[in-house]
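No sequence on hand, only this structure:
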Ligand SMILES: [Zn+2]
């Protein structure tokens, strides 16, 4: 009773806002307003880039998902990020189909320059959260952020056409000497054409990794 009163008082003094659109929420203990919660949708099925056996994304990149990702990636708003992660368990059964039980989760590495500017790596953060969620679900994967590295700085993919993207990334990634695994799962935050995943997968294939799949946080229809 006391705790309930305290929580109600807290809500009056510090009202909760929707993690995506910022409107005041009528209830404590919810992270999203009704409209934003309704806009969170599973991603459509992903086309498998070459060298990749299975691919999927958790969410469609629009509505509240797009807002929460922008707040997290560009403004380090971890309230928005955690609200997005709170929607992840519902998508896990579908995502698990792309992830072998003993797989190495390999985040797509950031540009060193972009990492310096931003100060954190959203892809690594998502890979880490995904591994914990899978672990909680009884699937014991390994997170390896020391496998892939960038060989050079590449222009931002968003401004390029599909062909330019592929050319832009030619040989842009290398695999650490001596790395071996039966199953690798590439992880990225937002996937558009899959060009980055395809380039990473090609590097892994050349390094002798037989089975490669790909999991992203969100999929945008933009091309
Ligand atoms: Zn909202």
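It's in. Not measured: the values here are computed from a predicted model.

Residue 140 contacts residue 102, correct?
Yes: contact status for residue 140 versus residue 102: in contact at 7.4 Å, counting by Cβ atoms under 8 Å. Where C-beta positions appear, they are placed from N, C-alpha and C, glycine not excepted.

So for the two, which residues contact both of them?
Common contact partners of residue 140 and residue 102 (Cβ atoms under 8 Å, 6 or more residues apart in numbering): none.

now the strands for this structure?
Along the chain, the segments classed as strands by DSSP state E run 54-60, 104-107, 142-143, 148-150, 173-175, 183-191, 211-219.

The third one - contacts with which helices or strands?
Going back to what we said before, that points to strand 142-143. Where contact means 3 or more Cβ pairs under 8 Å, 6 or more residues apart in numbering; DSSP states H and E, strand 142-143 is packed against strand 104-107, helix 122-136.

chain center to the last one, what's the gap?
So that's helix 122-136. Chain-centre distance of helix 122-136: 9 Å, with Cα atoms, centre = their mean, to the nearest Å.

give me the number of residues near the closest residue to residue 218 other than its chain neighbours?
Nearest residue to residue 218, sequence neighbours excluded (Cβ to Cβ, 6 or more residues apart in numbering): residue 61, at 4.0 Å. Residue 61 has 21 neighbours, counted by other Cβ atoms under 10 Å.

quick one: residue 61 and residue 67 touch, right?
No: counting by Cβ under 8 Å, residue 67 is not a contact partner of residue 61; they are 10.5 Å apart.

Could you pick out the residues of this protein near the ion for me?
Within the chain, the positions near the ion by Cβ under 5 Å from the ion are 18, 20-21, 33, 36.

ok, back up a step: could I get the helices and strands packed on strand 142-143 as TSV with mean pLDDT and mean neighbour count?
Below are those laid out as TSV (pLDDT from 0 to 100; neighbours: other Cβ atoms under 10 Å):
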stretch	mean pLDDT	mean neighbour count
strand 104-107	98	24
helix 122-136	95	19
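
Tabulate the ones you listed in a markdown table, adding columns for distance to residue 76.
Listed next are these as a markdown table, based on distance: least, Cβ to Cβ, whole Å:
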| stretch | distance to residue 76 |
| --- | --- |
| strand 104-107 | 18 |
| helix 122-136 | 10 |
